[in-house]
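**Q** with the input below, show me the fold.
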Amino acid sequence: MSRRKVLFFVEGFTDIRFVTGLAGIADLTICVPRSHYESSGLKQRVHDSGARLEIVEIDGGRLAFQARSFAWLWQHARSFDVILSQELLRGSLNATLIGALRGTPVVTTIALPPVEYFRCRRTRGQLSAPAALAGELVIRTLMTVNGALSTRCLALGTYLEGIASRYCGRVEWGGYYGVDTTVFTPADDTERVRLRQRRDLPPDAFIVFLSSRISHEKDPETVLRATAKARTMGLNAVLLNLSGGYQEFLTLGRSLGLADAESWVLGRPAAHPMTEVADYFRAANVIAQGSLEEGLGLSPLEGLACGTPVVATNIGGMAVTLPGYARLVPLRDAEAMAEQFLWIAANRDKARAQALRGREMVERDWSRARVFADLARVFDDVVRERQGGASATRRSTGTAGA
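**A** Residues are numbered from 1 along each chain as shown. A predicted model of the protein is given here:
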């Protein structure tokens, strides 16, 4: 397969692991809003990575970015073989419109269920009923338009394939940035002790690792309550969150009135995903993923790749992908989650064996190497389809004029 000239159009956040992976399979240009590119830390991470790519930074807030990026895309779209755009919402609208008008294939991605995530705001009381209805209408409209204009949509796992297929004519499985199974690897007891020393983690505690951000679709409350309950049953458990919202997590822990929370609810800023975060997955006793809704979440897969047991809410993509590999619990059931923590602590060999079966699944289906090889194939496919369509049009035009 040849290296295609790819424009990655980004309005919001993207992961450095995805950017570096793209740079490895394509001649890559990314178009980003200047302010968010800097404030998110992505600019520094791209610089530090040494990845070979071109950066187009566009000034302005949301509306200004929409207008200026539309003009830039109109001028430059035909310079690329493929435009890649994240999600099926507002951030992709310029890309899909310009791609259709200028004849450049656009591949969109879906890594979360937009309507279902939005409904979590209503569940949490953050929206009135009229605002929730209006917002859902806007989301469905954007998904319909972007889905219709996309050449291909890549969905993160089977669950999201089903959602995307309601809006997109051509949907394929996609793995986002996948799991680097050469970095996320099992650690034995000796290695775990060393990792805890290096990362200044409690040496003898049962560490519950909540790696996800704190946002409306997550359920950190249940993980906090489950850890507290496990502690009342004699488990020396601590709960660690690494995220940009770790201060919010610490505040939440205090607000729930959990006994002695300051001693066992730990929070730290997000660790670098390529050089640091794997240490925490490998040092932990269990990965906890509590969610109100979930497209899939790569954190449970990263945990399994490390042979670390995973306890997750039985919902969304996790309910489809993780059975047999993770310990699944009902929505918002802190008692059931605590029971799983206690089971893992009492059955460490069995729990690890289950997680290691999960590692085999991750290596087979979600490895970084496979994910980006599949993505390169998709780029080739859409370019060939476009070239084949253009050739057929030329032949048809020539025949008509003969």
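
**Q** so which elements touch the helix or strand encompassing Thr109?
**A** Following DSSP states H and E, one finds Thr109 within strand 106-110. With contacts defined as 3 or more C-beta pairs under 8 Å, 6 or more residues apart in numbering; DSSP states H and E, the packing partners of strand 106-110 are strand 82-86, helix 90-102, helix 129-149, strand 152-156, helix 158-164, helix 368-401. The C-beta positions use only the backbone N, C-alpha and C, and glycine is treated the same way.

**Q** next, the angle from the first one to strand 106-110.
**A** Comparing the axes of strand 82-86 and strand 106-110 via axes from the mean of the first three to the mean of the last three C-alpha atoms, to 10 degrees yields an angle of 20 degrees.

**Q** that older thread, the inter-axis angle of the strand holding Thr109 versus helix 129-149?
**A** Relative orientation of strand 106-110 versus helix 129-149 (the same axes, to 10 degrees): 140 degrees.

**Q** show me where the chain has strands.
**A** 4-9, 26-33, 54-58, 82-86, 106-110, 152-156, 171-174, 206-210, 237-242, 265-268, 286-289, 310-313, 327-329 (DSSP state E).

**Q** what sits up against the fourth one?
**A** Residues from elsewhere that reach strand 82-86, judged by C-beta atoms under 8 Å, 6 or more residues apart in numbering: 4-12, 14, 22, 26, 73, 77, 91-92, 95-96, 98-99, 104-109, 111, 379, 382-383.

**Q** which of those residues count as buried?
**A** The neighbour count (16 or more other C-beta atoms under 10 Å) marks 4, 6-11, 14, 22, 26, 73, 77, 91-92, 95-96, 98-99, 104-109, 111, 379, 382-383 as buried among the contacts of strand 82-86.

**Q** please parse the protein into its domains.
**A** The chain breaks down into these domains under automatic domain parsing: 4-178+367-401, 189-365.

**Q** deepest of the ones you listed, which one?
**A** Of all those, domain 189-365 has the most neighbours on average by mean count of other C-beta atoms under 10 Å, namely a mean of 20.

**Q** pLDDT of it, averaged?
**A** For domain 189-365, mean pLDDT rounds to 96.

**Q** residues in contact with the spatially closest residue to Asp219 that is not a sequence neighbour?
**A** Distances taken as C-beta to C-beta, 6 or more residues apart in numbering put Gly290 closest to Asp219, at 3.8 Å, once the chain neighbours are dropped. The neighbours of Gly290, taking C-beta under 8 Å, 6+ apart as the test, are Leu210, Lys218, Asp219, Pro220, Glu221, Thr222, Val223, Ala226, Ala312, Thr313, Met337.

**Q** give me phi/psi at the third one?
**A** The phi and psi values for Asp219, taken as degrees, to the nearest 10, are phi -130, psi 70.

**Q** I figured it was touching Leu292, is that so?
**A** Yes. Shown here, Asp219 and Leu292 form a contact pair, counting by C-beta atoms under 8 Å, at 5.3 Å.

**Q** what is in contact with these two at once?
**A** Thr313, Leu331, Arg332.

**Q** how close does the spatially closest residue to the first one that is not a sequence neighbour sit to Phe80?
**A** The one in question is Thr313. Setting aside the residues directly before and after it, Thr313 is nearest to Ser291 in space (C-beta to C-beta, 6+ apart), at 4.9 Å. For Ser291, the distance to Phe80 (C-beta to C-beta, to the nearest Å) stands at 36 Å.

**Q** same question for Arg254.
**A** As judged by C-beta to C-beta, Arg254 and Phe80 stand 50 Å apart.

**Q** likewise for Asp15?
**A** 21 Å.

**Q** equivalent analysis for Val10, please.
**A** Distance from Val10 to Phe80, by C-beta to C-beta: 14 Å.

**Q** now do the contacts for Leu22.
**A** Taking C-beta under 8 Å, 6+ apart, we find Leu22 in contact with Val6, Phe8, Leu28, Leu53, Leu84, Phe372, Leu375.

**Q** farthest pair in these?
**A** Spatially, the most separated pair among the contacts of Leu22 is Leu53 and Leu375, at 15.1 Å (C-beta to C-beta).

**Q** contacts only, for Phe184.
**A** Phe184 touches Ala278, Phe281, Arg282, Glu302, Ala305, Cys306, counting by C-beta under 8 Å, 6+ apart.

**Q** which residue packs closest to it, ignoring adjacent ones?
**A** Ala305 is the one closest to Phe184 (C-beta to C-beta, 6+ apart), at 3.8 Å.

**Q** quick one: that neighbour and Glu363 touch, right?
**A** Yes. Judged on C-beta under 8 Å, Ala305 makes contact with Glu363 at a distance of 7.5 Å.

**Q** identify the contacts common to those two.
**A** In terms of C-beta under 8 Å, 6+ apart, Ala305 and Glu363 are both contacted by the residues Thr181.

**Q** mind listing what Phe206 touches?
**A** By C-beta under 8 Å, 6+ apart, the residues touching Phe206 are Ala230, Leu235, Asn236, Ala237, Val238, Asn285, Val286, Phe341, Ala345.

**Q** rerun at 7 Å
**A** Leu235, Asn236, Ala237, Asn285, Ala345 (C-beta atoms under 7 Å, 6 or more residues apart in numbering).

**Q** return the residues in contact with the third one.
**A** Going back to what we said before, that points to Ala237. Per C-beta under 7 Å, 6+ apart, neighbours of Ala237: Ala205, Phe206, Val208, Thr227, Ala230, Arg231, Trp264, Phe341.

**Q** the fourth one too?
**A** Counting by C-beta under 7 Å, 6+ apart, Asn285 makes contact with Phe206, Ile207, Ile344.
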